[in-house]
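A.B. asks: predicted coordinates and the sequence they were generated for:
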Amino acid sequence: MKHVKLHKIFWAFVLGCLCAPLTAQIVDGAGPSLLNNELQIRQCAETEHRLTQWLRPLSAGQDTLYALLFQPAGCPRCESAAQEFEKAFRQALPSERLVLWSAHGDAEAARRYARREGLRADTLVVDTAGVWRRVFSLNHEELNGIFLLKMAVGSGRMLTGGELSYVDDDLFRELALSRLPLPFHSYGDDVVGADRASIAEVPGGGPLRYERWPLLTEGQAVFSQLREPPVLRNGHLLVNDNLENAGFMFRLDPAARAFRLEHVLRVDTAVRDTFADLPPRIYDQVHRRFRYMVCGLSFVNDDTVAFSYSLPRVFVERRTGDNVNLAFYNEPVILSWQVEPFRTLPLTDLAAALQDTAYMNQHFAIYPYDGQHVAMACQQLTYPLFSVPDSLHGHPEYDPFVEAYYDRPHPYAVVVDRRTGAFVRRIGQLDDLMRRSRTGYGYASPVADSDGRQLVYGNAYAGRLYLASLEAPDSVAAHLRRVRMGRSRDARARHHAVLHPRISPALFGLFQPPHCAGAAGRAVCRLPLSRKNADLWVCGARRVRVRPLRPRDGRGGDALRPPPAGRSGERAGLRP
């Protein structure tokens, strides 16, 4: 049997959309044990009955069951290993049953995803209730890969299991020899201590009130899990669903009180394999394993939509006799579309801009900067996340647990040219909260927006925003802790939001005010209302005119009062 090797770097290193670069290698034998891979899974104690109850309806009377446990779109490139494994499984174990165990909250969307991606097994079961979390323990946070499990139905025990990174004869020999259950283990028991976070209460401005407007998809999408908050600008709404793996542009229809789907935004077939450098014969054999992943989306100006995208970069790494080593990587790019009239703009390759030995530049979210540039997150390669443990321990330039580390500049956003992909500058500075907590970039979660003249940016976990001009982004004009909704002649007052005490640590919906949610194939979008039919401004650029509802006290308008026009930023609710 040919051996397919999928070598993954730890997912936090990834430059593309929650999925690591991979290397696929076709050689003979000698794969590692499932129990020695980087990502590990074990069964927790006292879960036997629960596992038996879950497996029995899937087993068709057999006492041994194999399963591929995964989160749909958790690591799209890893899912190609599931296709290879299913083919080899039929040859090596033709009488055994294989189950696709899909961990997702929306069964319809998960099944649709599996069909589209060609994921097959004897049975597909969608774990909408999170049963797997109550049975297994991971040595990492989430299902960021494909996990192969061999389980005994009658005893409710896991016999072996681990990350699926090899498909070869050795793997199936290991499966056949695994007849005794693995010892129970919970990786949470390995924790020696933890600090409980304390959240400071910030006075809120009162609850927002919403209208519900449906998203009319004409059957072209089943929304289930939005990758990020929607973006609304000039009557156009952008939605990015995780499982649909596409962007959707809607147009506001005030008469129908709804959003109508205009365009589905995906990479064009003419350019999606631009970075696949393979002989035709090999390309024909492997191109079905390619994955094209939408990451972040944004309006970069009034008439241009930009998506950060991850395309496959595949090439022949090495030939040894009849063996061919193929390297699979993520190629970070920006795809752009002109809104009116609608047309596709040239692709921008970001690989050169993101190659940096000192920083990890993350293109899976992009933010408007000005018409020509976009901003993305970046973080310094520091101990202990990006180095061999103890190699840089105590070093003031690389160890965030050292006080002196914070005496140096530590930007957390990078600006690149949207048209050429060229590096422009780094901006921002780690918030003082990171110094006090000694967390460095561990909780750096940049958010940003721009009205074309000024920039507002911040760290979502810190709950603090900074206002600056585009010409001097590091010269902060104002620190915004609590900002009111409304309009003002003062430029800074147009950068408004509500930092409610319960959501301020995450800044949920701060820059994308519409909040969309979906269930059972239906989705709705909520728009915060403004007073007296006035436009709703968000960072001076996005607006929509809607009719205000009447609250219970009979007065028109929402619960928030806009600041008086013409006052200074301090009086308008902005606190420098």
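C.D. replies: Structure's in. What do you need?
A.B. asks: in a helix, that's where Ala81 is, yeah?
C.D. replies: Yes: assessed by DSSP: H, G, I helix; E, B strand; the rest coil, Ala81 belongs to a helix.
A.B. asks: that one touches Leu171, doesn't it?
C.D. replies: No: applying Cβ atoms under 8 Å as the test, Ala81 and Leu171 come out as separate, 10.9 Å apart. For glycine as for every other residue, the C-beta is placed from the backbone atoms N, C-alpha and C.
A.B. asks: stretch 169-184: end-to-end distance?
C.D. replies: End-to-end span of stretch 169-184 (Cα to Cα, to the nearest Å): 27 Å.
A.B. asks: what of stretch 314-328?
C.D. replies: Start-to-end, stretch 314-328 (Cα to Cα) is 5 Å.
A.B. asks: name the residues of that stretch that are buried.
C.D. replies: Val314, Val324, Asn325, Leu326, Ala327, Phe328 (16 or more other Cβ atoms under 10 Å).
A.B. asks: where does the prediction get shaky in the stretch 1-150 of the chain?
C.D. replies: 1-32 (pLDDT under 70).
A.B. asks: kindly recompute the last result at 50.
C.D. replies: Along the stretch 1-150 of the chain, the parts satisfying pLDDT under 50 run over 1-31.
A.B. asks: can you show me the helices along it?
C.D. replies: 48-55, 79-92, 107-117 (DSSP state H, counting those that start in this stretch).
A.B. asks: can you redo those as CSV with mean neighbour count?
C.D. replies: CSV is the format used below for the helices of the stretch 1-150 of the chain (neighbours: other Cβ atoms under 10 Å):
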stretch, mean neighbour count
helix 48-55, 18
helix 79-92, 19
helix 107-117, 18
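A.B. asks: domain-wise, how is the chain divided?
C.D. replies: 2-189, 210-265+513-539, 350-504+546-576 (automatic domain parsing).
A.B. asks: which residue sits closest to Gly296 in space, ignoring its chain neighbours?
C.D. replies: Sequence neighbours aside, Ala365 is the residue nearest to Gly296 in space, at 3.9 Å (criterion: Cβ to Cβ, 6 or more residues apart in numbering).
A.B. asks: would you mind giving both backbone torsions of Thr128?
C.D. replies: Per-residue torsions, Thr128: phi -80, psi -20 (degrees, to the nearest 10).
A.B. asks: rewinding a little: quick check: the farthest pair among the buried residues of stretch 314-328?
C.D. replies: Val324 and Phe328 (12.9 Å; Cβ to Cβ).
A.B. asks: nearest to Phe275, out of the domains of the chain?
C.D. replies: domain 350-504+546-576 (8.6 Å).
A.B. asks: for the closest one, what is the average pLDDT?
C.D. replies: Over the span of domain 350-504+546-576, the pLDDT mean works out to 67.
A.B. asks: same question for stretch 274-291.
C.D. replies: On average, stretch 274-291 scores 89.
A.B. asks: now do stretch 324-333
C.D. replies: Here the average pLDDT along stretch 324-333 is 84.
A.B. asks: now do that stretch: distance to the chain's middle.
C.D. replies: 20 Å (Cα atoms, centre = their mean, to the nearest Å).
A.B. asks: next: stretch 449-462.
C.D. replies: On Cα atoms, centre = their mean, the centre of stretch 449-462 falls 20 Å from that of its chain.
A.B. asks: Leu98 is in contact with Ser59, correct?
C.D. replies: No: between Ser59 and Leu98 there is no contact under Cβ under 8 Å: 11.5 Å.
A.B. asks: so which residues of the stretch 101-250 of the chain form strands?
C.D. replies: Secondary structure of the stretch 101-250 of the chain by DSSP state E, counting those that start in this stretch: the strands cover 123-126, 136-138, 147-152, 157-163, 166-167, 210-216, 231-233, 236-241, 246-253.
A.B. asks: can you say which of these is nearest to Arg42?
C.D. replies: strand 136-138 (5.4 Å).
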